[in-house]
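K.L.:
Next comes the sequence, and after it the predicted model I'd like to discuss.
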Amino acid sequence: MRDMKQQKKGQKLRQNRRKVNKQPVDLRKLLRRLLHVCVFGLSAVLLVVGFTVLIQLLLASDLFRVESIQVEGNTLIERDVIVGLSDIKEGDMTFDLDLELIGRKIAENPWVRDAHVSRIFPRQVAIRTVERVPKAIINLDYLYYLDDRGEVFKVLSQGDSLDYPVITGFNRDALQENDPENTRQLKRIVALIENLEQREIFPLREVSEIHRDDSGGMTLFTRQGAVKVRLGRCDYEEKIDRLERIYPKLETRLSMLDYIDLNVDQRVIVRVERTATQARG
């Protein structure tokens, strides 16, 4: 009985199985698909090759050869000098130019703080420079320019302007070691110079020298009479405000003065240099 039940059950299972009819392979459809893939692949290859050839033809043509060079931002350096530093020549291929390298070469000039070079398609190159602005001359055995950031950037040569106050009291070796205190003091001097540039009663043109003493204090020397104006270490703006209140009276007597001391709060101490006759009297 059990065997018959199992046999009937097996027959039912076999009857429930789905019959799969194998269909023949459609070779034409397969060949069409293969042909489409080959045509697509060949088209892509031809497109890439054609695009590459077109690029090469364009690069070999005169379309991207340098025709003009624009220079911007230069006031202290002549255009021809900057173009010469760039070593770019008319007829050069713009794509052959190493723009970063050219910018670094231009920035090797001491008057140039930064230089940016760019392409203006199809035939132009633009050079934009940022120049250093001299604020003073600093004496470091040799005379150098000091710029508006308090950086020493160029030894003076023949033909350079001397119409700047001279800074003394700094050591060249110490500056080369990038001592932070020296850096701070040079920036304070630049701030002092820029403050004096805005004044009318005691302007920068009245100052011939700015001296830093061993304690870090600052002393100005007037252009007329070389009178010492002691400023100390801080509060320069307030001290010069105080000096300007009486400077019109002192200006006519500068040849008789030894120094002007502004280090006492709310006061201006003036020492008159006595003549030999006054000393005997």
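P.N.:
Okay, I see it.
K.L.:
Going by C-alpha atoms from here, please, whenever you check contacts or count neighbours.
P.N.:
Noted.
K.L.:
Let me see the mean pLDDT of stretch 229-248.
P.N.:
Model confidence over stretch 229-248 averages 95 on the pLDDT scale.
K.L.:
hmm, I was thinking of stretch 33-46
P.N.:
72.
K.L.:
Just the CA atoms of stretch 98-106, as CSV, please.
P.N.:
These are the backbone C-alpha positions of stretch 98-106, laid out as CSV (Å, rounded to 0.1, in the frame of the first residue of the first chain):
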residue,chain,number,x,y,z
ASP,A,98,54.7,76.8,-18.5
LEU,A,99,52.7,79.6,-16.9
GLU,A,100,53.7,78.9,-13.3
LEU,A,101,57.4,78.7,-14.2
ILE,A,102,57.1,82.0,-16.1
GLY,A,103,55.5,83.7,-13.1
ARG,A,104,58.3,82.5,-10.8
LYS,A,105,60.9,83.9,-13.2
ILE,A,106,59.2,87.3,-13.3
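K.L.:
which residues of the stretch 151-281 of the chain fall in strands?
P.N.:
For the stretch 151-281 of the chain, the strands defined by DSSP state E, counting those that start in this stretch occupy 152-155, 166-168, 207-212, 218-222, 228-232, 257-261, 269-272.
K.L.:
contacting residues for the closest residue to Glu197 other than its chain neighbours?
P.N.:
Leaving out its chain neighbours, the residue that sits closest to Glu197 by Cα to Cα, 6 or more residues apart in numbering is Leu204, at 5.2 Å. By Cα atoms under 8 Å, 6 or more residues apart in numbering, the contact list for Leu204 reads 165, 193, 196-197.
K.L.:
Now a PyMOL select for only the buried ones of these.
P.N.:
Buried residues within those, by 16 or more other Cα atoms under 10 Å, are selected in PyMOL with:
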select buried, resi 165+193+196
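K.L.:
Please convert the contacts of Leu204 to TSV, extending it with distance to Gly73 and pLDDT.
P.N.:
Formatted as TSV, the contacts of Leu204 follow (distance: Cα to Cα, whole Å; pLDDT from 0 to 100):
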residue	distance to Gly73	pLDDT
Pro165	26	97
Ile193	24	98
Leu196	26	98
Glu197	23	97
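K.L.:
burial of the nearest residue to Pro134 once chain neighbours are set aside, as a residue count?
P.N.:
Distances taken as Cα to Cα, 6+ apart put Asp147 closest to Pro134, at 4.2 Å, once the chain neighbours are dropped. As a burial measure, Asp147 scores 21 neighbours (other Cα atoms under 10 Å).
K.L.:
Quick check: phi and psi on Asp147?
P.N.:
The phi/psi pair for Asp147 (degrees, to the nearest 10) reads phi -90, psi -180.
K.L.:
By mean pLDDT, flag the weakest helix or strand of this protein.
P.N.:
Ranked by mean pLDDT, DSSP states H and E, the weakest helix or strand in the chain is helix 276-280, scoring a mean of 39.
K.L.:
What strand or helix carries Ala115?
P.N.:
Using DSSP states H and E, Ala115 sits in strand 112-120.
K.L.:
Following that strand in sequence, what is the next regular element?
P.N.:
Next element after strand 112-120 (DSSP H and E): strand 124-131.
K.L.:
Kindly export that next one (C-alpha atoms) in PDB.
P.N.:
What follows is strand 124-131, C-alpha atoms only, in PDB (Å, rounded to 0.1, in the frame of the first residue of the first chain):
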ATOM      1  CA  GLN A 124      47.100  86.500 -26.200                       C
ATOM      2  CA  VAL A 125      49.000  86.100 -22.900                       C
ATOM      3  CA  ALA A 126      48.300  88.300 -19.800                       C
ATOM      4  CA  ILE A 127      50.900  89.000 -17.100                       C
ATOM      5  CA  ARG A 128      49.600  90.600 -13.900                       C
ATOM      6  CA  THR A 129      52.200  91.800 -11.500                       C
ATOM      7  CA  VAL A 130      52.100  92.900  -7.900                       C
ATOM      8  CA  GLU A 131      55.000  95.300  -7.200                       C
END
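K.L.:
who does it pair up with?
P.N.:
Here strand 124-131 is paired, per DSSP bridges, with strand 68-72 (parallel), strand 112-120 (antiparallel).
K.L.:
Next, the buried residues of stretch 129-139.
P.N.:
129-132, 134-139.
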